[in-house]
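**Q** predicted model follows, preceded by the sequence.
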Amino acid sequence: MQPCPLHKEFDNETYCILDDEFDDVILINFLKESDLQKIDVSEFQNPSYCLNAVITDSEDFIFCPTKNKRIKIGDMSIPRKIYLNTREVIIFMDAEAKSCSECLYKTFIAMRKSVEEM
């Protein structure tokens with residue numbers, strides 16, 4: 001499973017923060033990446049759902065299959081390779097964090113701030 005870095009949980013509710021919006025959503029998790037390939041994604045393309053997954057768009061950036069939009073942190077699109085490498089580092093540090101969206105989000109924010117300070 002490749003979790004989306006843009007869903008947050010507060011007070012037992014889940015929110016999508018793509019495009020700096022704060023949409024209350026029903027989170028749908030997958031056990032394996034192949035599960036995502038077996039469903040009709042268009043059935044879940046409404047603001048009430050969040051498929052906790054990312055796919056890759058034609059330019060090799062991560063993409064939200066639910067909102068049909070490229071995933072960005074601020075104005076920075078995230079290349080698939082950076083996403084995968086970041087997940088590997090997080091999992092190396094804590095194997096239990098393999099589905100930790102918040103871990104990914106915080107890491108991307110830190111990377112963005114680091115680049116801005118250069």
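**A** Done, it's in. As the structure is a prediction and not an experimental result, all values here were calculated from the model. Numbers count the residues shown, from 1 in each chain.
**Q** now do Glu59 against Ile78, distance only.
**A** 11 Å (Cβ to Cβ, to the nearest Å). Yep, even glycine has a C-beta here, placed from its N, CA and C like the rest.
**Q** between the two, which contacts overlap?
**A** The overlap between the contact sets of Glu59 and Ile78 (Cβ atoms under 8 Å, 6 or more residues apart in numbering) is empty.
**Q** these two: which is more packed in?
**A** More crowded of Glu59 and Ile78, by other Cβ atoms under 10 Å: Ile78, with 21 against 10.
**Q** I'd guessed the more buried one sits against Asp60; true?
**A** No. Assessed by Cβ atoms under 8 Å, Ile78 is found out of contact with Asp60, at 10.3 Å.
**Q** quick check: which ranges of the chain have low pLDDT?
**A** Screening the chain residue by residue with the criterion pLDDT under 70, one finds the ranges 1, 31, 33.
**Q** thought Leu18 was touching Lys67?
**A** Yes. Using Cβ under 8 Å, Leu18 makes contact with Lys67 at a distance of 5.6 Å.
**Q** so which of the two has more stuff around it?
**A** Neighbour comparison, Leu18 and Lys67: the larger count goes to Lys67, with 23 against 20 (by other Cβ under 10 Å).
**Q** distance of that one relative to Asp94?
**A** As for Lys67, its distance to Asp94 is 28 Å (criterion: Cβ to Cβ).
**Q** for the helix or strand containing Ala110, buried residues please.
**A** In this assignment (DSSP states H and E), Ala110 forms part of helix 101-116. Buried residues in helix 101-116, counting neighbours by 16 or more other Cβ atoms under 10 Å, are found at 101, 103-105, 107-108.
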